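Trainee: Coordinates for the following, if possible.
(chains A and B)
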Amino acid sequence: MASFKPTRIPAYPKLGEKVTQDTLYWKNYKTPIQIKEFGAVSAIDVSPLSPYNYAVTASTRIHIYGPYSQEPVKTFTRFKDTAYSGRFRSDGKLLVAGSEDSVVRLFDIGGRVALRMLRGHSKAVHFTDFTSDRFRIISASDDSTCRLWDIPNSVELTSFSEHTDYVRCGTTSKLNPDLFVTGSYDHTVKVFDARTDKSVMSMDHSQPVESVLLFPSEGLLVSAGGRYVKVWDLLKGGRALVSLKNHHKTVTCLCLSSSGQRLLSGSLDRHVKVYNTATYKVVHNFDYAASILSVALAPEDTTLVVGMANGVLSVKHRKSPEEKPEASSKKRRRPAYRVFVKGRNYAPKQEDFLVSKPVRTHLEMYDKQLKSFQVSKALDTVLEPRIRRHTPEVTVAVMQELNRRGTLKNALAGRDEKSLTVLLSFLIGHVVDPRFTQVLVNVAEMILDIYVQVVGRSALVDKQIVRLQELIEREIDLEQELVEVLGMLDTLFATMTTKKEVATQESRANGGGSNWGAGPEPEPSGLLTPSVQVLHRNRCQPVLGFLRVTFPDYCHKKKVQSGDQ
Amino acid sequence: MVEQAEIRVVRCGGSKINYREAIITFDSKFLLCASGDSVKVYSTSTEECVHILEGHTDLVSGLAFNPANHLQVYSCSLDGTIRLWDYTDGILIKTLVIGYKILALYVEKKHEGVLFVIVPMASDTDSETFQLVAVHLPKSAGQEVEVRELSSVLTEVRPSPGATSFGRGGEYIATANGLQLSVYFFKKQRTYRFFLKASDKKGAKNAFTCVSCHPKEDCIATGHQDGKIRLWRNFNQKKEYTYTTQHWHHNAVSALSFTPEGMNLLSGGIESVLVLWRYGAESKDLLPRLGSAIEHISVSPDGSLFCTSHRDNKITVINSNLKVSAVIQGLVKGEDVRTDLIIDPRTKSLVLNGKPGHLQFYSLHHDKQLYNLDIVQQEYIHQSGLEQFDVVKAAFHSRGTWLATIEERRERTAELETGLKLWAYDEQTQSFVLNTSVSSPHEDRITAMCFSTDEEATLLVTAGKDGHFKAWQLAEDWETHRDGISWSCDFVGSYHHLRPTNCCFSADGSLLAVSFQEIVTVWSPDSWELLLTLCQPPGGHQGLAGNPVRDLCFGRLSCSKYLLGTTSNTLLCCWDILTCSLKWSTSMDVTLLQADPLSENMAAFCSTLGTTDLFVFKPSEPRPLYSQKAVCPGKVHRAVFAPREAALESCEERAQWLNRSQLYFMTEHMDLMTFNTKSEEDKMMASSQQLVIDDSVAMTPFYLLLGKHRQLQQEKPNPQATQMTQRVQLPQGSSAIRELLHTPAHVLPSASVLCTMFVNSLLISNTGVREGSEAKEEEMVSEPEEDANSEEETNPRDCQPARVNESCTEEAVPTISRAQERQLRTARKTDYSWLSRSLFSSP
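Mentor: Residues are numbered from 1 along each chain as shown, chains lettered A, B, ... in the order given. Have a look, this model is predicted:
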């Protein structure tokens, strides 16, 4: 026959950020390690060789950190002024850096003194890099020139002076030793070919360019400047592909994930955003404490290093997969394995007659109590701190089930001060939660009905009832305001669009809204417009309004009673 | 016209099997229960219906085994007859005509040749008082006998059969009526009456509800309105009677029964818990959660099986150790079918509300409930006055892969709880699995719901009283693969804040019509653009606001450009969507408009003066195809076209609309009715005659596998047996011959064309012979199994003649068995080739 059907716990839609594959991937970092540098961290470069040390350029030094050390393994301090743009060569043995004193310095990773001092620029050099043939260095300076240097002879090969303002960023092609790209404050991004003395391509970013990046295929170029990140198609002669505006302050740095599927951009607005390079949608967002100047990812995305304007270097390491089970095993001791396999591994003999044992369904405690009609005990069970705090929806579902059975009043009645306080504090915590409002308002009403005679006897209970009242009044006022806003928005919509479109637009918005309140299915549109949020709030207004009506006469009674005392 | 009689309205299946208590045969193999105008014989082990005993012309009201012969059963009916049946073969043996409405039947071994029946006091049928009379069986051997010998035993008895009981092998009879318990002793010819007060100080309601007498001791158990059970003793005198009280039920005890040895007492009530009281001890056993209120309890004569009849048209067979062993479920009929009648596109079964919170799938062809789908998935609390969730709407995707249901619960405090659930059909488990559950999809009641008729699209539209209609779309959530695919809201539409009342998709799913009170809007489901609005023609009625659209329906096939709507102000309109104009309108109070999915036909039920008329028409033609006045009394609110398994080839114009689908409808009294054509009825009659009476085995898949071969061997004796038994129907050709003989001669083709066909139809096909010769070669191999099988097979054969001997058909028996023996011999050679073949092929 039909067995007992356990209480149905409704699945509520999860609010806030949606959990996607990307969220899971990018959240899987340990808590960041903070390292204080002497000044703003202007550049971070990860060595191409394992163990993937990274060079951090800050103030007048370049520190090289090991992947898991908080202390620098190596420091280059021979700078007269602020250093910029410390970069490794592709074999990881040499490091080049520019400086405020307009000298480009070349270091050996093992040494301390600069191997080469390349002089020629007249102003600060903000960008230096090796070409992919490893024998030449590109540098770009505030004197609006770019220079190509020969390492063996330490002489200047070419100078490009097409830019008309500071050149602050650039990148070299990994595939072609003669090709490099620079971005300048004159709003242009130029592609140079070392074999000629002119730029081969120029793109207008229309903002001072802070960072440029080439995709691994080098068909696409990404430039960042102002609040925009723009993607250019080099194979189509530098046609703009996408313009992304996801930051609200200047974007300062760009970085690609090791798979090339995700693009990271850091900005002065203290966010690092992760884009999907197929759709150019933001898939994840990191928040930091200060304006971000530089960002770098180690191969396999094992480490995310972010440098900030206040000199803090934040290093996040990816969680290793084997750490997880360790954490979960600590949680709870379970019965030994042999308990479960007891008798299971017995192989039946030929003549044995097999009798299958029916599977016993496990019922929760409150379901067992509901099954035997112990309504008060069931309510007590779900008001235990474990359930009440972690899964309030279970508590509410049991309350609803009791209401359906017509025994909620019986379950609520006959409580002492202690258990009533627990009940009231649960109400205070959750009555304004739109998911639970409908049920809990009903519960609150019943409690007031039942316990109106004993009001004034316990200071504790009285205090809580007053708190509940204040809470509800505040909520009602808030909703009132929101309804007003909704009304204003409706008028705005109505005046802004033509008549036919009004119906559709309004409807779409409503659709998202109803869905939100509806069930476990995901929202159709990612963003909730303000008017929609207002709508949700609006749902519980009539019920709350009823409570407000109930409260004044309760308060009146309370005064009378205390007057008696 | 003659054709008028061609189509008849008939009651189709779904009759109550819980009207009277079911009885179990002495060998506990069968269970007999009254079901409408017939008696059904079920197998207690397989739950299959083995026989249907048909013959009564009104509700069957009682069943009892013939104490002289355990293989015979008496049945009484409101038509005033008692019939004696041989239930193993399904043969009517005798009919006793009493002439009064009979409400209950009792039989006691001690009183041989006497039946006790409850009939109305006065001969007029409306009488409110009833009496128990003894019917002395006449000795005459005729088939139909009129009985004149009636003697009254007790007056003022309740018509309910549970209120009267025979005690201690028929020494006395106890009956309860209101607050009075009467005991009549046959020996002393005296009646003792015992009275209870209407209520005691605690306000308990003391009225009697049922009575059961201990079979061995002088003890009467009575059930009461307040749930008490009283055990009366020492009642053979007026003064010193005593009783003890037992109380477990919190509502009225509706059924009581002692086990045959008197060891236990069974009781049941609305709680749907079977309580087993140990006689003479305080202890009791409970069997809870039987699904619905218990109305009758009966015990098999050997005490091994109990059987409870429930309010939801169900019979439960329970072992003596309180384990449910079988459930026989009829069509569940509540007070109201809140979902429409729906046809499941996959199983072609009828889907409607079943038990509270369930949908039932009911096979129309087999008159059997296929399964119940639990929609609400909540524990049902059996308590009066409690509002429960109920399924109010259901809809199927046109492929049958999705089911949408809406459940609703409204409490007195006007707090409405609704839920939309979408169920996906799971091929593996062959049932529906919950996919998406949406709580409160609309802020108010949902008035209409429909799936897109486009087979490719997965689109659902719901319309609610909150002024919106919403479109729900199946969407794969590619970002969170954990959840898989689920439904989400795609669009919300509204029109001038009017309440939508109905929605309907066009035949190809490219248009959605939504009616907003008196206005019909047509939307495109692709772009959700409002394409056009249609208004009712301005008539001389009370103004626009009062006439909301009641039904909305697109035409099908060639008429798919037409949109039909009915309004509450007795108007039926037909719009042409292509020209956006009103094609025609007529003034009819159409309560229900239903489109046949397989043809252009539409059925409109109109209520006029308390009865309902039916019109069947095509939207393109002004003349109705078929009309029938006064189909049934009262309004018809639920109807459905069910596709036929095989299309009929009726050529009469008036019956053509029934060729491809059959129209079922539900009357106000919750009777399921249908329209039958004459040719169809003839066919059914023929098939029922053809039905070979088989012994104990029901039609299980296993039987179909093995029994096929036995049928073969039974069919073959026919040519030889025809001479001695009656001329059975002619093989295969019967319909051809009938057609030949019934069609007017001048429309037939020439005789030379028909001759060969006619002769062919008379020939008896002779197929088995060649198989036999083939099987001979394999005989050696399959010897062992064959022997074992044939032994089993012969056993029932051998015992059947013995049984038949007891009944009255003596002459035919030896010849049949001889013919069968011969056939068995040939069958040994023929039938088992398949088995050996499968043996060879399987490794």
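Trainee: what residues does the stretch 301-450 of chain B put near chain A?
Mentor: For the stretch 301-450 of chain B, the residues in contact with chain A under the definition Cβ under 8 Å from any Cβ of the partner chain are B:316, B:324, B:374, B:377-379, B:381, B:383, B:385-389, B:409, B:413, B:415, B:420, B:436-443. Glycine gets a C-beta too; all of them are placed from N, C-alpha and C.
Trainee: of these, buried ones?
Mentor: Neighbour-count burial (16 or more other Cβ atoms under 10 Å in any protein chain shown) is assigned, among these, to B:316, B:324, B:374, B:378-379, B:381, B:388-389, B:409, B:420, B:436-442.
Trainee: Of these, which belong to helices?
Mentor: Counting by DSSP state H, these place none of their members in helices.
Trainee: Among the residues you listed, which are located in strands?
Mentor: Among those, the ones falling in strands (DSSP state E) are B:316, B:324, B:374, B:409, B:420, B:436-439.
Trainee: Make CSV out of the residues you listed and add distance to residue A:52 and pLDDT.
Mentor: Written out in CSV, the entries for these read as follows (distance: Cβ to Cβ, whole Å; pLDDT from 0 to 100):
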residue, distance to residue A:52, pLDDT
B:316, 73, 92
B:324, 69, 88
B:374, 58, 88
B:409, 62, 85
B:420, 54, 91
B:436, 47, 85
B:437, 49, 86
B:438, 50, 86
B:439, 51, 82
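Trainee: from these, which is closest to chain A?
Mentor: In terms of Cβ to the nearest Cβ, no member of these lies closer to chain A than residue B:438, at 3.7 Å.
Trainee: Which parts of chain A are helices?
Mentor: In chain A, the helices defined using DSSP H lie at A:21-27, A:323-329, A:337-341, A:365-371, A:375-382, A:385-390, A:392-404, A:408-412, A:417-430, A:437-451, A:459-496, A:499-518, A:530-539, A:541-564.
Trainee: and the longest one, which residues are buried?
Mentor: Going back to what we said before, that points to helix A:459-496. The neighbour-count check on helix A:459-496 (16+ other Cβ under 10 Å) flags A:461-462, A:464-465, A:468-469, A:472, A:475-476, A:479, A:482, A:486, A:489 as buried.
Trainee: distance of residue A:194 from chain B?
Mentor: Going from residue A:194 to chain B by Cβ to the nearest Cβ, to the nearest Å gives 45 Å.
Trainee: can you pull the pLDDT of the closest residue to that residue other than its chain neighbours?
Mentor: Nearest-residue entry for residue A:194: residue A:178, 4.1 Å, with adjacent residues in sequence omitted and distances by Cβ to Cβ, 6 or more residues apart in numbering or on different chains. The predicted local confidence for residue A:178 comes out at a pLDDT of 90.
Trainee: tell me the contacts of residue A:178?
Mentor: Applying Cβ atoms under 8 Å, 6 or more residues apart in numbering or on different chains, we find residue A:178 in contact with A:131, A:193-195.
Trainee: For chain B, state which of those residues is nearest.
Mentor: Proximity of the contacts of residue A:178 to chain B (Cβ to the nearest Cβ) peaks at residue A:131, which lies at 41.3 Å.
Trainee: quick one: low-confidence parts of chain A?
Mentor: Within chain A, the ranges that satisfy pLDDT under 70 run A:1-2, A:13-17, A:322-332, A:497-565.
Trainee: Please pick out the residue of it most distant from its centre.
Mentor: With distances taken from the mean C-alpha point of chain A and given as Cα atoms, centre = their mean, the most distant residue is residue A:351, at 62.8 Å.
Trainee: What's the separation between that residue and residue A:343?
Mentor: Plainly put, residue A:351 is 18 Å away from residue A:343 if you go by Cβ to Cβ, to the nearest Å.
Trainee: could you flag which of the contacts of residue A:178 are buried?
Mentor: Among the contacts of residue A:178, those classed as buried by neighbour count (16+ other Cβ under 10 Å) are A:131, A:193-194.
Trainee: closest to residue A:27 among those residues?
Mentor: Here the nearest of the buried ones among the contacts of residue A:178 to residue A:27, counting by Cβ to Cβ, is residue A:131; it sits at 37.9 Å.
Trainee: quick one: pLDDT of residue B:794?
Mentor: Model confidence at residue B:794, expressed as pLDDT, equals 41.
Trainee: give me the beta-bridge partners of residue A:297?
Mentor: Beta-bridge partners of residue A:297, counted by DSSP bridges, are residue A:304.
Trainee: quick one, what contacts it?
Mentor: When contacts are counted by Cβ under 8 Å, 6+ apart, residue A:297 touches A:46, A:255-258, A:264, A:303-305.
Trainee: Likewise for residue B:407?
Mentor: When contacts are counted by Cβ under 8 Å, 6+ apart, residue B:407 touches B:357, B:375-376, B:389-392, B:418-419, B:421.
Trainee: before we move on, what about residue A:173?
Mentor: Contact criterion Cβ under 8 Å, 6+ apart gives A:132, A:179-181, A:214, A:218 as the residues in contact with residue A:173.
Trainee: rewinding a little: can you give me the distance of the residue farthest from the centre of chain A to residue B:622?
Mentor: Taking Cβ to Cβ as the measure, residue A:351 falls 80 Å from residue B:622.
Trainee: Residue B:323 too?
Mentor: According to Cβ to Cβ, residue B:323 stands 64 Å off from residue B:622.
Trainee: Ok, residue B:547 next?
Mentor: If you go by Cβ to Cβ, the gap between residue B:547 and residue B:622 works out to 23 Å.
Trainee: Comparing those two, which residue is more hemmed in?
Mentor: Neighbours per residue, other Cβ atoms under 10 Å in any protein chain shown: of residue B:547 and residue B:622, the larger number sits with residue B:547, 18 against 11.
Trainee: Whichever strand or helix holds residue B:572 pairs with which strands, parallel or anti?
Mentor: In this assignment (DSSP states H and E), residue B:572 forms part of strand B:571-576. The pairing partners recorded for strand B:571-576 under DSSP bridges are strand B:562-567 (antiparallel), strand B:581-586 (antiparallel).
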